[in-house]
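In: Only the shape, not the letters, is given here:
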Ligand code: HPA
């Protein structure tokens with residue numbers, strides 16, 4: 001599929017017929033981080049299934065709704081449920097949500113995810129602000145004909161996790177009960193969790209946490225010049241760090257356990273950016 005600017009514009013135009021609010025901040029909620037959506041005031045909900053050219057969430061812990069409203073006085077558009085390559089979507093398709101948010105007018109993006117901790121000083125329930133990422137698996141979401149209206153063919157990603165937003169998120173951590181770190185996220189395509197050998201390799205490469213999402217959206221945001229903050233909730237220690245098998249249940253349980261504190265932290269960040 002060769003995407004054009006009009007392709008994404010169709011989705012944005014439809015959303016404007018449903019919602020009058022122009023969002024300032026675009027938010028993507030990761031696995032089981034949906035409870036933050038309850039912090040949105042006067043929400044207007046749009047099902048992904050109703051949006052032309054949008055994708056559908058196939059994972060049960062992802063609600064599949066775009067929510068518009070305000071958080072801490074800021075106008076937000078919040079994706080409750082995201083799309084992953086393991087669901088069968090091509091990397092190129094994964095540009096869709098962020099481009100639609102850009103066309104709706106957002107001026108910054110906050111991405112969240114559940115991740116496995118590689119850094120042994122991390123504990124389940126901690127949060128990691130992404131300073132950088134490693135993506136050695138899979139295509140770039142920007143592969144294929146470049147849509148110049150969004151950004152140039154070749155683009156710099158050396159400061160894509162916006163330093164000023166990272167600093168504000170670190171400052172907000174001072175008022176939070178959460179332990180907050182800054183570190184490097186490594187993308188693996190899943191849906192299988194990684195092997196212990198892959199995690200040892202990732203650690204040698206400098207990764208602090210591992211997950212199956214976020215980088216496609218982050219690269220799309222960087223391409224269209226959107227300031228970006230990304231946060232991982234460490235839901236489990238990565239494969240082989242502890243002498244126990246990994247399970248989706250553990251991921252869900254940890255995410256549910258810190259949902260309240262994470263929601264408060266997110267509210268403070270939205271207020272601060
Ligand atoms: N690996 C990949 N993705 C994840 C993990 C993990 O350990 N935990 C939550 N998402």
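Out: Looks like it came in fine. What you are looking at is a predicted structure, and each value in this text was computed from that prediction instead of being measured.

In: neighbours around the residue of the chain found nearest the ligand, how many?
Out: Going by Cβ to the nearest ligand atom, the ligand is nearest to residue 116 of the chain, at 2.2 Å. Any C-beta I mention is one placed from the backbone N, CA and C, and that applies to glycine too. Residue 116 has 28 neighbouring residues, counting by other Cβ atoms under 10 Å.

In: Show me the helices in this structure, by range?
Out: Applying DSSP state H to the chain gives helices spanning 5-18, 96-104, 163-173, 196-205, 215-223, 248-257, 259-272.

In: Which of these sits closest to residue 38?
Out: Among the helices of the chain, the nearest to residue 38 by Cβ to Cβ is helix 259-272 (7.3 Å).

In: Which other helices and strands does that closest one contact?
Out: strand 25-29, strand 65-71, strand 74-80, strand 108-117, helix 163-173, strand 228-237 (3 or more Cβ pairs under 8 Å, 6 or more residues apart in numbering; DSSP states H and E).

In: Check residue 62 and give its pLDDT.
Out: Per-residue pLDDT puts residue 62 at 63.

In: about what we covered before: the residue of the chain closest to the ligand - nearest residue in space that isn't next to it in sequence?
Out: residue 238 (3.5 Å; Cβ to Cβ, 6 or more residues apart in numbering).

In: What values do phi and psi take at that neighbour?
Out: phi -60, psi 170 (degrees, to the nearest 10).

In: what residues are up against it?
Out: With contacts defined as Cβ atoms under 8 Å, 6 or more residues apart in numbering, residue 238 is in contact with 116-118, 193-194, 199, 202, 209-210, 246.

In: Quick one: buried ones out of the residues you listed?
Out: Among those, those classed as buried by 16 or more other Cβ atoms under 10 Å are 116-118, 193-194, 199, 202, 209-210, 246.

In: got those residues as CSV, with pLDDT columns?
Out: As requested, the buried ones among the contacts of residue 238 are exported to CSV (pLDDT from 0 to 100):
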residue, pLDDT
116, 97
117, 98
118, 98
193, 96
194, 97
199, 98
202, 98
209, 98
210, 98
246, 89
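
In: Now for the residue positioned nearest the centre of the chain: which residues touch it?
Out: Centroid-nearest residue in the chain: residue 111, 2.9 Å away (criterion: Cα atoms, centre = their mean). Residue 111 sits next to 27-28, 30, 214, 217-218, 221, 228-231 when contact means Cβ under 8 Å, 6+ apart.

In: change it to 10 Å
Out: The contact partners of residue 111, taken as Cβ atoms under 10 Å, 6 or more residues apart in numbering, are 26-30, 79, 82, 98, 130, 161, 213-218, 221, 228-232.

In: If it is in a bridge, with which residues?
Out: Applying DSSP bridges to residue 111 yields these beta-bridge partners: residue 28, residue 230.

In: Now do the helix or strand of the chain with the lowest mean pLDDT against strand 108-117, angle only.
Out: The helix or strand of the chain with the lowest confidence, counting by mean pLDDT, DSSP states H and E, is helix 248-257 at a mean of 87. Counting by axes from the mean of the first three to the mean of the last three Cα atoms, to 10 degrees, helix 248-257 lies at 130 degrees to strand 108-117.

In: what angle do helix 248-257 and strand 228-237 make?
Out: Going by the same axes, to 10 degrees, helix 248-257 makes 120 degrees with strand 228-237.

In: List of residues touching helix 248-257?
Out: Contacts of helix 248-257 (Cβ under 10 Å, 6+ apart): 30-35, 59-61, 112-116, 123-126, 191, 193, 233-237, 244, 247, 262.
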